[in-house]
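[1] Dropping a prediction and its sequence here:
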Amino acid sequence: MVGSHAHSVAQSVQEFFGKASYYARKFDGRATANGETFSQEALTAAHLKLPFNSLVEVTNLANNKSVLVRINDRGPYVRSRVIDLSKAAAKLIDMVEGGLTQVKLKVLSWGEAQQVVPKAAPLPAELRNYRPRKFAFVGDSLSTRMAVDSVRRKF
């Protein structure tokens with residue numbers, strides 16, 4: 001399988017070096033790439049390629065302080081940076097004042113590349129008791145149900 005081969009190649013590299021930044025306040029409460037709600041108080045981080053739920057030790061090379069974070073987002077999208085930390089994680093390695101610092105990333109546990117499935121929006125009240133007579137369909141969207149009605153009227 002192509003996917004499992006690529007995953008095993010990535011796992012052979014255990015340490016990365018580069019520049020870390022931390023999330024701006026405006027991202028607090030927004031959805032992350034894996035569907036979670038971002039919190040500045042959680043020990044989480046964004047990385048462009050590591051699988052979601054990977055556990056990474058981030059060490060500030062200026063003071064040798066480390067923090068353990070879980071990857072739950074994608075980024076940073078600034079070319080010179082390798083990881084975006086939550087503010088809580090940035091505080092623990094004393095990088096908040098400077099905003100950027102050189103770090104070493106050590107992957108301690110490779111996560112599964114699964115996304116959190118966001119909750120579906122509830123159906124409108126007028127569609128909750130809708131039951132098709134002859135046709136089965138997949139999906140809960142209004143457009144799907146309207147398409148089924150259209151087909152049913154033709155027969």
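    The structure has been received and is ready for your questions. Residues are numbered from 1 along each chain as shown.

[2] got a list of what the residue nearest to Asn60 when sequence neighbours are not counted touches?
    By the measure of Cβ to Cβ, 6 or more residues apart in numbering, the closest residue to Asn60 outside its immediate chain neighbours is Ile93, 4.0 Å from it. Heads up, the C-betas are built off the backbone N, CA and C, glycines and all. With contact set as Cβ atoms under 8 Å, 6 or more residues apart in numbering, Ile93 has these partners: 58-60, 63, 65-67, 85, 101, 103.

[3] domain parsing for this structure?
    2-109, 125-154 (automatic domain parsing).

[4] Lowest average pLDDT across those?
    Per-segment confidence across those bottoms out at domain 125-154, which has a mean of 52 in mean pLDDT.

[5] Output stretch 32-50 as PDB, nothing but the C-alphas.
    Once non-C-alpha atoms are left out, stretch 32-50 reads as follows in PDB (Å, rounded to 0.1, in the frame of the first residue of the first chain):
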ATOM      1  CA  THR A  32      -8.500  22.800  14.000                       C
ATOM      2  CA  ALA A  33      -7.700  20.700  10.900                       C
ATOM      3  CA  ASN A  34      -8.700  17.500  12.700                       C
ATOM      4  CA  GLY A  35     -12.000  18.900  13.800                       C
ATOM      5  CA  GLU A  36     -11.300  19.700  17.400                       C
ATOM      6  CA  THR A  37     -11.900  23.100  18.900                       C
ATOM      7  CA  PHE A  38      -8.600  25.000  19.400                       C
ATOM      8  CA  SER A  39      -7.700  26.100  22.900                       C
ATOM      9  CA  GLN A  40      -4.700  28.200  23.800                       C
ATOM     10  CA  GLU A  41      -4.700  26.400  27.200                       C
ATOM     11  CA  ALA A  42      -4.200  22.900  25.700                       C
ATOM     12  CA  LEU A  43      -0.800  21.400  25.000                       C
ATOM     13  CA  THR A  44      -1.300  21.000  21.300                       C
ATOM     14  CA  ALA A  45       0.400  22.100  18.100                       C
ATOM     15  CA  ALA A  46       0.200  22.300  14.300                       C
ATOM     16  CA  HIS A  47       2.600  20.600  12.000                       C
ATOM     17  CA  LEU A  48       2.400  20.300   8.200                       C
ATOM     18  CA  LYS A  49       3.100  16.600   7.900                       C
ATOM     19  CA  LEU A  50       3.100  14.700  11.200                       C
END
